[in-house]
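Chemist: Build me a model:
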Amino acid sequence: MLKLSIDREPSWLDVLPGVRVQFRPITVAAILVARAAAAEVLRAGGDDAEIKAGLAFTSSLARSGIAAWEGIGDADGNPLDPTPDHIDAALDLWPVFDAIDRLYVAPAILQSAEKNA
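Modeler: Sure, this is the predicted structure:
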């Protein structure tokens, strides 16, 4: 059975100790943009194209999905807004990337696969 979720409000996830991120639900449009970003990387080729495509996919979804965050700041401890540049800088840190990929992106992909099964 296809289960429709009417709740389209952003939700908070604890991604690391002391770091919470508010994510918008992943939309069809966001998935299509992320797929296009990954496809562009794959077309460019290279030895690690598949790895970079995965990075492009997750990064695209994070940039479109992050609405707010708490516990992320600059080197002096001043809170930073989640701008595209700040999101990219956060994603350059493995623990942040891994948490967002596992807690935000992967569940959406699994849910999509279940709907298509």
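Chemist: So which residues make contact with stretch 67-85?
Modeler: When contacts are defined by Cβ atoms under 8 Å, 6 or more residues apart in numbering, stretch 67-85 is touched by residues 10, 16, 18-24, 63, 66, 86, 90. For the C-beta atoms, the positions are set from N, CA and C on the backbone; glycine is no exception.
Chemist: which of the residues you listed are buried?
Modeler: Neighbour counting by 16 or more other Cβ atoms under 10 Å classes V19, V21, Q22, F23, R24, R63, I66, H86, A90 among those as buried.
Chemist: a markdown table for those residues, including secondary structure?
Modeler: Formatted as a markdown table, the buried ones among the contacts of stretch 67-85 follow (DSSP: H, G, I helix; E, B strand; the rest coil):
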| residue | secondary structure |
| --- | --- |
| V19 | strand |
| V21 | strand |
| Q22 | strand |
| F23 | strand |
| R24 | coil |
| R63 | helix |
| I66 | strand |
| H86 | helix |
| A90 | helix |
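Chemist: From those residues, pick the one nearest A37.
Modeler: Checking these against A37 with Cβ to Cβ, the nearest one is R63 at 9.6 Å.
Chemist: Would you agree that closest one is in contact with H86?
Modeler: No: R63 is not in contact with H86 according to Cβ atoms under 8 Å; the separation is 10.2 Å.
Chemist: Next up, phi/psi of W69, please.
Modeler: Torsion angles at W69 (phi, psi; degrees, to the nearest 10) stand at phi -150, psi 160.
Chemist: I misspoke; the intended subject was W12.
Modeler: Per-residue torsions, W12: phi -90, psi 140 (degrees, to the nearest 10).
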